[in-house]
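Engineer: no letters, just coordinates:
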């Protein structure tokens, strides 16, 4: 059982520049307010680490927290988010690594 569900939708075209927007929701079925807030904090942190560098900026995202997120290892949650982005075809295209410019020493 995954720790969350990821939903994506096209961002409104009236946005002046592509900004990645992310929403979080956790149902009362997950637990009391303390448990829901803990799930929300964990989801917010994995989104902060993964989405800006790996997600398409032309989409809006919503992470729906599940009960399994409470006991899930943090690294596993991060990997699940990358996998969810891949499944939604929402991974940003990877730019090829560029070599840093070489300084030419003058004699």
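Structural biologist: Thanks, I have it. Note that the coordinates shown come from a computational prediction; the quantities given were computed from them, not determined experimentally.

Engineer: for residue 45, helix, strand, or coil?
Structural biologist: State at residue 45, reduced to three classes by DSSP: H, G, I helix; E, B strand; the rest coil: helix.

Engineer: just the pLDDT at the residue nearest to it when sequence neighbours are not counted, thanks.
Structural biologist: Nearest residue to residue 45, sequence neighbours excluded (CB to CB, 6 or more residues apart in numbering): residue 74, at 7.9 Å. Every residue, glycine included, has its C-beta placed from N, CA and C. You'll see residue 74 listed with a pLDDT of 92.

Engineer: what about residue 74, neighbour count?
Structural biologist: 13 (other CB atoms under 10 Å).

Engineer: list the contacts of it.
Structural biologist: When contacts are counted by CB atoms under 8 Å, 6 or more residues apart in numbering, residue 74 touches 42, 45-46.

Engineer: most neighbours of all the residues you listed, which one?
Structural biologist: Among those, the one with the most neighbours (other CB under 10 Å) is residue 46, at 22 neighbours.
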